[in-house]
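In: okay, sequence plus prediction incoming.
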Amino acid sequence: MRLWVCITLLSIVLCASADRPGVAQAMIRAGQFVRDAAGGAWDMFRAYQDMREANYIGADKYFHARGNYDAARRGPGGAWAAKVISNARESWQGMTGRGHEDTRADQEANAWGRSGRDPNHYRPAGLPGKY
């Protein structure tokens, strides 16, 4: 808690400083990146939760693409978070013995979503409209 108070006070001082507008702008951009990254991580988590709830065979690629799409729409921080989470997830699944073909297809869906393309491309027929 004290750390966050110090960071906030430091940010206010830097933003109010007329002598260093470049530093203030960098701090603002860094804050936006962190906010976007946190939001992107939340988008990825929400897509994962929806995938688990739907429990629909053949829908995993859709949820991969949707989570990455939602995260990337937040900005550079969201796209970064989506890429890190997707790569970590696929690396972990690769170590647990899942097929390389499935991992490749998952990564393709991840990249599709992060690039801003419509995640409904991977939506299977019959998936409830809730998702």
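Out: Nice, I can see it.
In: can you list the weak-confidence ranges in the chain?
Out: 1, 6, 9-11, 13-21, 97-99 (pLDDT under 70).
In: going along the chain, name the strands of it.
Out: Shown for the chain, no strands are assigned by DSSP state E.
In: looking at it, which helix is longest?
Out: helix 21-54 (DSSP state H).
In: flag every buried residue along that helix.
Out: 24, 27, 33, 36-37, 39-44, 47-48, 50-51, 54 (16 or more other CB atoms under 10 Å). Glycine gets a C-beta too; all of them are placed from N, C-alpha and C.
In: quick check, distance from that helix to the centre of its chain.
Out: 7 Å (CA atoms, centre = their mean, to the nearest Å).
In: ok, the buried residues of helix 21-54 vs D70, which is closest?
Out: The closest of the buried residues of helix 21-54 to D70 turns out to be D43 (CB to CB; 3.9 Å).
In: how many residues are close by W80?
Out: 18 (other CB atoms under 10 Å).
In: repeat for G78
Out: If you count neighbours by other CB under 10 Å, G78 ends up with 27.
In: now swap in the one 3 residues further on and tell me
Out: Counted with other CB under 10 Å, the neighbours of A81 add up to 25.
In: which non-adjacent residue is nearest it?
Out: G40 (3.6 Å; CB to CB, 6 or more residues apart in numbering).
In: also N110?
Out: Here the residue nearest N110, using CB to CB, 6+ apart, is S86, at 4.2 Å.
In: what sits against the one you found?
Out: Listed by CB atoms under 8 Å, 6 or more residues apart in numbering, the contact set of S86 reads 44, 64, 68, 106-107, 110, 114.
In: wait, doesn't the residue nearest to A81 sit right on A82?
Out: Yes. G40 is in contact with A82 according to CB atoms under 8 Å; the separation is 5.3 Å.
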